[in-house]
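**Student:** Only the shape, not the letters, is given here:
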Ligand code: PRP
């Protein structure tokens with residue numbers, strides 16, 4: 001039996017479809033139900049629907065042997081897990097963005113609104129820029145528009161949210177994609193099951 005934490009949403013549904021196509025299907029599966037655990041009748045796989053930002057927590061604590069989560073989450077929380085594969089799905093970028101006419105005025109600390117404070121602090125520490133973090137939980141793009149921050153550090157996928165709010169990318173911090181992650185003990189004690197799942201999954205992956 002292998003326990004798999006899937007991020008609830010489009011990415012998780014895509015990953016489930018891939019896993020199902022290589023033999024890890026589950027009769028009970030339904031992305032629309034409120035049920036959070038799905039087990040297959042042969043007793044080979046258990047799926048958990050988990051909030052995307054929590055996948056690494058379930059994997060690190062061993063409730064799930066493997067899981068799928070974005071590189072943005074791994075960079076932000078640095079969980080103690082193994083990263084087994086780049087699934088090349090859910091591609092986007094972590095960026096610094098601001099109003100189109102923004103210019104950095106060095107001297108004052110830069111006010112940075114973000115859901116990713118650790119990532120932002122690390123990036124600005126490396127370039128030696130003083131910042132003040134404004135931690136938000138969503139709709140980050142509003143912060144510079146309403147003047148509570150100078151810039152944002154956030155995920156950009158299509159760029160639509162930035163465009164529609166008159167913002168633009170000033171710097172790209174890193175490229176992001178979904179990763180297959182594994183609990184460290186599971187990697188040791190369920191090695192053959194974990195590797196079989198990884199290889200089958202990699203075998204059917206296409207670029208997003
Ligand atoms: C994410 C991200 C951006 C948006 C980028 O937000 O924080 O706001 O998607 O996507 P785009 O480049 O395709 O427009 P999410 O949808 O997770 O919602 P949130 O604002 O609640 O964080």
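**Tutor:** It's in. Fair warning: this is a prediction, and the values are worked out from it, not measured in the lab.

**Student:** give me the beta-bridge partners of the residue most central in space within the chain?
**Tutor:** Nearest residue to the geometric centre of the chain (CA atoms, centre = their mean): residue 70, 2.2 Å. The bridge-partner assignment for residue 70, based on DSSP bridges, gives residue 178.

**Student:** was I right about it contacting residue 175?
**Tutor:** No. Residue 70 sits out of contact with residue 175 when judged by CB atoms under 8 Å, with a separation of 11.1 Å. (C-beta placed from N, C-alpha, C; glycine too.)

**Student:** Please point out which parts of stretch 151-159 sit buried.
**Tutor:** Buried residues in stretch 151-159, counted by 16 or more other CB atoms under 10 Å: 151-156.

**Student:** Contacts for it next, please.
**Tutor:** 72, 91-98, 102, 110-116, 119-120, 123, 140-141, 143-144, 162, 167, 169-170, 173, 176 (CB atoms under 8 Å, 6 or more residues apart in numbering).

**Student:** Now the buried members of those.
**Tutor:** Using 16+ other CB under 10 Å as the burial test, those include 72, 91-98, 110-116, 119-120, 123, 140-141, 143-144, 162, 167, 173, 176 as buried.

**Student:** average pLDDT for the lengthiest strand in the chain?
**Tutor:** Determined from DSSP state E, the single longest strand within the chain is strand 167-176. Strand 167-176 carries an average pLDDT of 98.

**Student:** Give me the sheet partners of the worst-scoring helix or strand of the chain on mean pLDDT and which way each runs.
**Tutor:** Of all helical and strand segments in the chain, the minimum by mean pLDDT, DSSP states H and E falls on strand 37-39, at a mean of 88. Note on strand 37-39: by DSSP bridges, its sheet partners are strand 45-50 (antiparallel).
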